[in-house]
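K.L.:
generate a structure from the sequence data that follows.
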Amino acid sequence: MSDYEMGYMKPPKSGQFKPGQSGNPKGRPSGSKNIYKLLDDIVTEKIQMTKNGKPVRISKKQAMLFQAVNKAVQGDLKAFQTLLPVMAEADNNKKPDLQIWNKSWCINIECKIADNWTLKDLKNSIDEQLIERYLKHPKYQHGVFLLARIQRDNWSRLNFDKLIAELQRYANSARARTRYGHIKDIKVIGIDYVIKDK
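P.N.:
Below you'll find the model as predicted:
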C-alpha cells in the first residue's frame with residue numbers, strides 16, 4: 001500500500017504528467033489562431049459608416065476610436081481618460097493620435113491636455129507636430145488640434161475659451177504661411193472638463 005493520499009488537489013499518480021512530459025505533446029495545430037490573432041482579425045474587418053451624409057468604409061478599430069473620441073468631445077470624462085494612454089503612446093511613437101481615412105483624404109487629429117502646456121508649446125505643436133510631421137503628405141488635407149482642460153486655467157491673461165480662439169487664429173496663419181499648399185484646414189477644438197463654480 002502506498003502512503004499517497006488522493007483527494008482535493010491530489011489526483012491519482014496514474015493521471016499525473018511524468019517529469020519532462022508535455023501536457024500537449026503535439027502542440028498547437030498549425031494554422032490555428034491564438035486569441036490575439038482572432039481579435040486582430042475581428043477589429044480590422046471593414047464596416048460601413050455614414051460621415052457627413054456619405055458612406056465610408058473603415059475598420060472596426062477605427063470605428064471604436066471614432067466613437068470614443070466623439071464621446072470625449074461631448075464631455076464624457078471616462079472616454080477621455082480611456083484615450084489618454086493611447087494619445088501618450090501615439091505621441092511617443094511620433095504618429096497622430098487619431099486618423100480618420102476615406103479613399104481620397106485623411107484627417108489627422110492631435111490631442112493634448114491643455115493644462116500641461118504653455119501657449120508657446122501649444123503653438124509649437126501646431127507647427128512641428130500637426131503641420132510638419134502629420135500634414136505634409138498631399139493626402140493629409142485636414143488637421144484637428146483637440147485640447148482638453150482638466151483643471152483651472154494656467155495661461156497668463158487667457159482663459160480656456162480665449163486660448164482656443166488664439167490657437168485657432170495661429171493655426172489659420174500657420175496654414176497660410178506653410179509650404180504645404182494641399183492643407184485645406186486646421187481646426188482647433190476645446191473640451192472643457194472643469195466643473196463651473198455655482
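K.L.:
that's a helix at Leu167, yeah?
P.N.:
Yes: the assignment for Leu167 is a helix, going by DSSP: H, G, I helix; E, B strand; the rest coil.
K.L.:
and Lys60, backbone torsions?
P.N.:
With angles defined as degrees, to the nearest 10, Lys60 sits at phi -60, psi -30.
K.L.:
and the residue lying closest to it once chain neighbours are set aside, what is it in contact with?
P.N.:
Ranked by CB to CB, 6 or more residues apart in numbering and with sequence neighbours excluded, the top spatial neighbour of Lys60 is Val43, at 4.8 Å. Glycine gets a C-beta too; all of them are placed from N, C-alpha and C. For Val43, the contact set (CB atoms under 8 Å, 6 or more residues apart in numbering) comprises Ser59, Lys60, Lys61, Met64.
K.L.:
number of nearby residues for the last one?
P.N.:
Read it as Met64. Neighbours of Met64 under the rule other CB atoms under 10 Å: 11.
K.L.:
quickly find the element holding it.
P.N.:
Assigned by DSSP states H and E, Met64 falls within helix 60-73.
K.L.:
try Ala174
P.N.:
With DSSP H and E as the test, Ala174 turns up in helix 160-177.
K.L.:
cool, and Pro55?
P.N.:
Using DSSP H and E, the element containing Pro55 is strand 54-59.
K.L.:
make CSV from the contacts of Val43 and add pLDDT and distance to Ile189 to it.
P.N.:
Output for these, formatted as CSV (pLDDT from 0 to 100; distance: CB to CB, whole Å):
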residue, pLDDT, distance to Ile189
Ser59, 87, 24
Lys60, 86, 25
Lys61, 84, 22
Met64, 85, 20
